[in-house]
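Trainee: The following block contains a protein sequence and its predicted model.
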Amino acid sequence: MGIDHRGGRKSPKEATTGNNQDRKKRPRAVRASELARLGVCERLVVFEHRFGKRITEHQRKAIKRGLTAHDQFFREGVLASEKKGSCYIATLIFGPGRETVTLRKFRDRVVRPYATGRRLIGIYYRTAPGLCMVLARYSWL
Amino acid sequence: MRDAELVYAEQVFRSEGVIPIVAKLDRAYRTAAGLTILVELKTRYANRPYLADVIELSAQRLALQMQTGERVAEHGYVLIQRPSSKFKFPHRVNLLSTEVAVVARRREAILRDNAEARQACSQGLCTRCVFKKECKSDEPVRSSQNYCR
């Protein structure tokens, strides 16, 4: 429990509410695409900030084309990735299923953030393909 | 890249700091050595990457590195797809590192009127610009609401 401005003790609820309000005051993030606009023209950035974005009919069509292409690109990427199935040993044992997805998430969220974890992942990726060949040949293993 | 694994597609990452950056990746591949390489798709007629593409990929690299801690390559790929074609031309680009923060600070300075906004280098861009009427090359541009021409 903290101390409020009156010098008295805050209730646990008041202390939590205050902490939540502080946590909510994160600085506004700038999008990568907004930063990239600076590479187009700095004056354009100022005018868009002042007057808002203006889109011509030609640009509207280009944006629509771009969104369609990105959508297709995303689907192609996921499809190719599923076919490849490269989470080596997990994919060999479980196939491209929920267990493999869970193991990938564990790898990315728990192991990868640490230097030792990244070294272990590097060793795994170097040795796993060879190990998979052995496991595939001798299925009783 | 042939043996690289697609690890992220259309995912958002965020860096923390004085000016946090939010970035959505088109694709990120991880090589056998554990290095992540970024790929960005652009649909345009001109088959070449622009400075804006490099800035965007560099910002994505910063956001991904800071959120996940993984090693991201100092180069990336811009895939150019022409509107009438399905083929994608890959262009390898070298990415910015600490310069991303400089770009972000410059943007903030310009929007707070602490720095003067420069004009685009390309005359063609100015010709097609929707703010052509508001923009006079001999006058400084200010972002504040009481700006008068």
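Mentor: Here it is on my side, so go on.

Trainee: need the contact list for the residue nearest to B:Arg27 when sequence neighbours are not counted.
Mentor: Nearest non-adjacent residue to B:Arg27, counting by C-beta to C-beta, 6 or more residues apart in numbering or on different chains: B:Val39, 4.3 Å away. Any C-beta I mention is one placed from the backbone N, CA and C, and that applies to glycine too. By C-beta atoms under 8 Å, 6 or more residues apart in numbering or on different chains, the contact list for B:Val39 reads B:Asp26, B:Arg27, B:Ala28, B:Tyr29, B:Gly76, B:Tyr77, B:Val78, B:Leu79.

Trainee: Longest helix in chain B, by number of residues?
Mentor: helix B:51-68 (DSSP state H).

Trainee: Flag every buried residue along the next helix or strand after that one.
Mentor: For helix B:51-68, the succeeding helix or strand toward the C-terminus, using DSSP states H and E, is strand B:72-81. By neighbour count on 16 or more other C-beta atoms under 10 Å in any protein chain shown, the buried set for strand B:72-81 is B:Val72, B:Ala73, B:Gly76, B:Tyr77, B:Val78, B:Leu79, B:Ile80, B:Gln81.

Trainee: by how many degrees do strand B:72-81 and helix B:51-68 diverge?
Mentor: 140 degrees (axes from the mean of the first three to the mean of the last three C-alpha atoms, to 10 degrees).

Trainee: So what are the sheet partners of strand B:72-81 and their directions?
Mentor: strand B:36-43 (parallel), strand B:88-94 (antiparallel) (DSSP bridges).

Trainee: CA atoms of that strand as PDB?
Mentor: Output of strand B:72-81 as PDB, limited to C-alpha atoms (Å, rounded to 0.1, in the frame of the first residue of the first chain):
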ATOM      1  CA  VAL B  72      18.300  -9.600 -37.000                       C
ATOM      2  CA  ALA B  73      20.500  -9.300 -40.200                       C
ATOM      3  CA  GLU B  74      21.900  -5.900 -41.100                       C
ATOM      4  CA  HIS B  75      20.500  -6.400 -44.600                       C
ATOM      5  CA  GLY B  76      16.900  -7.100 -45.800                       C
ATOM      6  CA  TYR B  77      15.100  -7.600 -49.000                       C
ATOM      7  CA  VAL B  78      12.600  -5.400 -50.800                       C
ATOM      8  CA  LEU B  79      10.400  -7.500 -53.200                       C
ATOM      9  CA  ILE B  80       9.000  -5.300 -56.000                       C
ATOM     10  CA  GLN B  81       5.900  -6.600 -57.700                       C
END
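
Trainee: Run through who's touching it.
Mentor: Outside strand B:72-81, the residues touching it (C-beta under 8 Å, 6+ apart) are A:69, B:1, B:28, B:35-44, B:46-49, B:53, B:57, B:60-61, B:64-65, B:87-95, B:97.

Trainee: Also stretch B:82-94?
Mentor: By C-beta under 8 Å, 6+ apart, stretch B:82-94 touches A:62, A:65, B:41, B:43-45, B:47-49, B:53-54, B:57, B:74-81.

Trainee: so where is chain A shaky, pLDDT-wise?
Mentor: Within chain A, the ranges that satisfy pLDDT under 70 run A:1-26, A:82-101, A:105, A:108, A:122, A:125-130, A:132-133, A:136-137, A:139, A:141.

Trainee: could you pull out the strands for it?
Mentor: A:30-31 (DSSP state E).

Trainee: follow-up on the earlier one: which one of the buried residues of strand B:72-81 sits closest to chain A?
Mentor: B:Gln81 (5.7 Å; C-beta to the nearest C-beta).
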